[in-house]
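Peer 1: Have a look; sequence and predicted model below, questions after that.
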Amino acid sequence: MHSIESLLATLAVKRSFGSKENDQLLSFCESYSASLGYEVQSQDVSSHSWGGSLSFITLCEESCTVLPSPFSPACTLKAPLLFASKPSMLSSLDARSSILVLHGTIASQPIDNPTLLSQLVSTKAKAIVCLTGSHASTGLSPFPLIREAGFPIPSCYAPASLLESLLQAKEDRLIVPLQIFSEVKECEGRQLLCFLPEKRPTLLVTAPLDSTHAGAGALFHASSIAVMLHLMSQQLNPGVAFLFSNGQAYGRKKGTAAFLCANIQPCEEVISLTGLGCRQSQLAFQGQESSLASYLQAQGLPSVSTLLQHFDCGLPEVVLTSSNQNMLSCVRDTQLDTRSCIDLEILAKQTQAIGDILVHYRRPV
């Protein structure tokens, strides 16, 4: 049996969907689960893999570094600049001959709203440059504004401090060269649903296996996967199924869709794990109409008001996390999310507490 520390060392590596590391860790989890006596159902997941490198916009023969947006198409082009600072400016904007620069209010937080993304597409811009500051939740600066795999317009992001230089380029009526180095591929992957043979699982415990492209993702979500594997070895409740979901990074929820498509297990509730083992923390929760919420409250666990990502498969759900949401928000989806963020003693205590929750939920199988 592996210790949580050794499991964490194995799991806390870059493991974006479609990568070799992602496949290797799936195989590791599959073998480990099978060795514990679990039946392992492999569920197909379709998504995109992506790779990008430093890109450039040139102003008066001086190259300024920009970063390709996740899943952006590549491009090499020259065009004048057009600016938009508010969503309302997009409705009648024709940018088909221009590079569209987004800044101000419209660039204050990642754009996940389908309507706003559709409005950006309707501008028909040749490319989009996003000028972003510090992300309110992660602290990442600059941060990717557009991160949708199906978004057709090449896009990149850069510090908001570049705005003055770009406005000057527009005033000087410059035709600006832009190069975005990026590669997007459709790929097939999988995720693993594990349950004890001949048992009727009523509770699903899950965490995402895949990370973003930013780093090793120790808190998001290697520590949670390590906790799942450790709890599986204890078999505290035969009515629990464990899902190593995939394709969940960037809020894509490909793993959720795959589960709903392939799953035949009669689970009634979900426990999602995220950000476990964070330093200076205790176990905390956020309820999504779960029957466990009152029990967790009675145990003295603090509730979290920050909106947390959850599995969202239509079942009652509770998210278990660390109480130090300030630290979690500062390192999420950044290179700072390493094993140094994790206190192994806290992680062990949280694992024990989650085990107690699984025992509490035990029902006839």
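Peer 2: Structure received. Source: prediction; values computed, not measured.
Peer 1: Where does pLDDT dip in the stretch 101-250 of the chain?
Peer 2: Segments of the stretch 101-250 of the chain classed as low confidence (criterion: pLDDT under 70) are 137-139.
Peer 1: can you rerun that using 90?
Peer 2: Applying pLDDT under 90 to the predicted model, the residue ranges of the stretch 101-250 of the chain that meet it are 109-110, 112-114, 134-141, 147-150, 185-186, 198-200, 212-215, 250.
Peer 1: I'd like the distance between the residue nearest to the spatial centre of the chain and D312.
Peer 2: For the chain, A249 is the residue whose C-alpha lies nearest the centre (CA atoms, centre = their mean; 2.8 Å). When distance is defined by CB to CB, to the nearest Å, A249 is 15 Å away from D312. Quick note: C-beta positions are derived from backbone N, CA and C, even for glycine.
Peer 1: OK, contacts around G52?
Peer 2: The contact partners of G52, by CB atoms under 8 Å, 6 or more residues apart in numbering, come to L67, P68, P70, S72, I180, F181, S182, E183, H213.
Peer 1: Nearest to Q24, out of those residues: which one, please.
Peer 2: Looking at the contacts of G52 and their distance to Q24, the nearest is H213, at 16.9 Å (CB to CB).
Peer 1: Quick check: chain neighbours aside, which residue is closest to that closest one?
Peer 2: The shortest distance from H213 to any residue other than its chain neighbours is 5.2 Å, reached at S16 (CB to CB, 6 or more residues apart in numbering).
Peer 1: The one you found reaches N22, doesn't it?
Peer 2: Yes. Applying CB atoms under 8 Å, one finds S16 in contact with N22, separated by 6.4 Å.
Peer 1: Mind listing the shared neighbours of the two?
Peer 2: D210.
Peer 1: sorry, back to before: okay but the residue nearest to the centre of the chain is in contact with A214, surely?
Peer 2: No. When contacts are counted by CB under 8 Å, A249 is not listed as touching A214 (9.4 Å).
Peer 1: Quick check: mean pLDDT of stretch 321-336?
Peer 2: When the per-residue pLDDT values of stretch 321-336 are averaged, the result is 89.
Peer 1: Sort out which residues of that stretch are buried, please.
Peer 2: Of the residues in stretch 321-336, those scored as buried under the neighbour-count criterion (16 or more other CB atoms under 10 Å) are 321-325, 327-328, 330-334, 336.
Peer 1: What distance separates the opening and closing residues of stretch 310-323?
Peer 2: Between the opening and closing residues of stretch 310-323 there is a gap of 16 Å (CA to CA, to the nearest Å).
Peer 1: Hmm, I typed the wrong one, I wanted stretch 87-101.
Peer 2: Taking CA to CA as the criterion, the two ends of stretch 87-101 lie 12 Å apart.
Peer 1: Can you name the residues in contact with it?
Peer 2: Taking CB under 8 Å, 6+ apart as the criterion, the residues outside stretch 87-101 that touch it are 77, 79-84, 105-106, 116, 119-120, 122-129, 131, 163, 166, 176, 178.
Peer 1: Name the residues of it that are buried.
Peer 2: Neighbour-count burial for stretch 87-101 flags P87, M89, L90, L93, A95, S98, I99, L100, V101 (criterion: 16+ other CB under 10 Å).
Peer 1: Out of those, the closest to L192 would be?
Peer 2: Proximity to L192 was ranked across those by CB to CB; first place goes to P87, at 40.2 Å.
Peer 1: Look up the closest residue to S53, ignoring the ones flanking it.
Peer 2: Of all residues beyond its chain neighbours, the one nearest S53 is F181 (4.7 Å), with distances taken as CB to CB, 6+ apart.
Peer 1: Just to check, the one you found is in contact with A74?
Peer 2: Yes. Under the criterion of CB under 8 Å, F181 lies in contact with A74, with a separation of 6.1 Å.
Peer 1: For those two, list the residues in contact with both.
Peer 2: Both F181 and A74 are in contact with P68, where contact means CB under 8 Å, 6+ apart.
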